[in-house]
Structures are given as C-alpha cells and as structure tokens.
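A.B. asks: From the sequence below, what's the structure:
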Amino acid sequence: MNLHFEPVSPENRTKVEELQILPEQAGFIESVRECMAEADEFQEWKPVGIYDGDLLVGFAMYGYFSDSQTEGEVWLDRILIDRRYQKKGYGKAAVLALLKRLQLEYGNKQIYLSVYENNEAAVNLYQQTGFQFNGKLDTKGEKIMSFQSN
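C.D. replies: Numbering: from 1, shown residues only. Okay, here's the model as predicted:
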C-alpha cells in the first residue's frame, strides 16, 4: 500500500466525484459532489483524493476553523473509501496518514471529527486510530470525537 493525498483539482475532480459508498452507508456522509460544493463555498476546506499509487481509492476533506471566540480547531470532516476498495485496510491507513498530515500542516495537537453514533464501522475505526468521544454534539446532532497527540 502506497497511500498519498492529492488536492482535488479540475484535472481529477470528475473522477473524485464519482467515488461511491455502499448503500447501507447512505445517510452517514454526504456525497463527494455535495462535499465539493461546500468546499467551493468555504475556503477553509481542503478536499483531497486518497490514492494508492496511481489508483484513486477515496476522498477526504479537512480544514482549520477559527473565530473571535476560539483559538481554532482542526477538523477531519469527511473521509470515505470507495465501495470497491472497502475492507482492504485503506480506511485505517488513510485516517492514520491524515492524522500525521494534519499535525504537520497545522501543528495542532487536537483534531476533531463528528460521527453518527449508529455508524458502528466508522466509530470502531476512529476509536482504533485514537479518537475518543468528548461528550459534545455538532450542529447536525453527530457526536464529536477528538484525537489528542502526545
């Protein structure tokens, strides 16, 4: 496995937007097309394709958000592995690689994400990679998890 991330650009956007989840995962995450529309609207979002060598296997979107009331937070907001490549270890490898990337890029020790509690596969994956529930909810009612590096 040779995972790396490429920014979504005009050259790869169509292919990235064609990524799909399994039918039973519907409702847990927006489509890549919807994520890209949000990234087009808000500069803070950084959408990336997840590649194994030259093979596009997934999508992630992250960003740094701050306002006058907060010091700023790094969010790993969206991550999905295309249904053709699930159950091959890409999800865990991608989350771990993204954690390293976010820590290098932002220097923050705390990274946040949100997840529906009944999305058991995602919750298990995030817990395996060091995320823990912090008792808070996001604006959509998803439970927030945080990762604290040492």
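
A.B. asks: switch to C-alpha atoms for all contacts and neighbour counts from now on
C.D. replies: Noted.

A.B. asks: In this structure Glu44 contacts Ser66, no?
C.D. replies: No: counting by CA atoms under 8 Å, Glu44 does not reach Ser66; the two are 9.6 Å apart.

A.B. asks: out of these two, which sits in the more crowded spot?
C.D. replies: Under the neighbour definition other CA atoms under 10 Å, Glu44 and Ser66 were set side by side, and Glu44 has more, 15 against 11.

A.B. asks: could you check the distance from that one over to Ala60?
C.D. replies: Separation of Glu44 from Ala60 (CA to CA, to the nearest Å): 14 Å.

A.B. asks: So which residues lie in contact with the lengthiest strand in the chain, not counting its own?
C.D. replies: Taking DSSP state E as the criterion, the chain has its longest strand at strand 55-65. Contacts with strand 55-65, where a contact means CA atoms under 8 Å, 6 or more residues apart in numbering, come from 16, 19, 32, 35, 44-51, 72-82, 85, 90, 106.

A.B. asks: what about stretch 37-55, how long is it end to end?
C.D. replies: Counting by CA to CA, you get 24 Å between the two ends of stretch 37-55.

A.B. asks: That should have said stretch 16-32, apologies.
C.D. replies: 7 Å.

A.B. asks: in that stretch, what's buried?
C.D. replies: Buried positions in stretch 16-32, judged by neighbour count with 16 or more other CA atoms under 10 Å: 16-17, 19-21, 29, 31-32.

A.B. asks: Same question for stretch 85-98.
C.D. replies: Buried residues in stretch 85-98 (16+ other CA under 10 Å): 90-92, 94-95, 98.

A.B. asks: Nearest to Gln25 among those residues?
C.D. replies: Gln25 has its nearest neighbour among the buried residues of stretch 85-98 in Gly91, at 14.0 Å by CA to CA.

A.B. asks: I figured the closest one was touching Leu80, is that so?
C.D. replies: Yes: with contacts counted by CA under 8 Å, Gly91 reaches Leu80, the gap being 7.5 Å.

A.B. asks: one step back: take the buried residues of stretch 16-32 and write them to CSV, including secondary structure and pLDDT.
C.D. replies: Putting the buried residues of stretch 16-32 into CSV (DSSP: H, G, I helix; E, B strand; the rest coil; pLDDT from 0 to 100) gives the following:
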residue, secondary structure, pLDDT
Val16, helix, 97
Glu17, helix, 97
Leu19, coil, 96
Gln20, coil, 94
Ile21, coil, 90
Ile29, strand, 86
Ser31, coil, 90
Val32, helix, 93
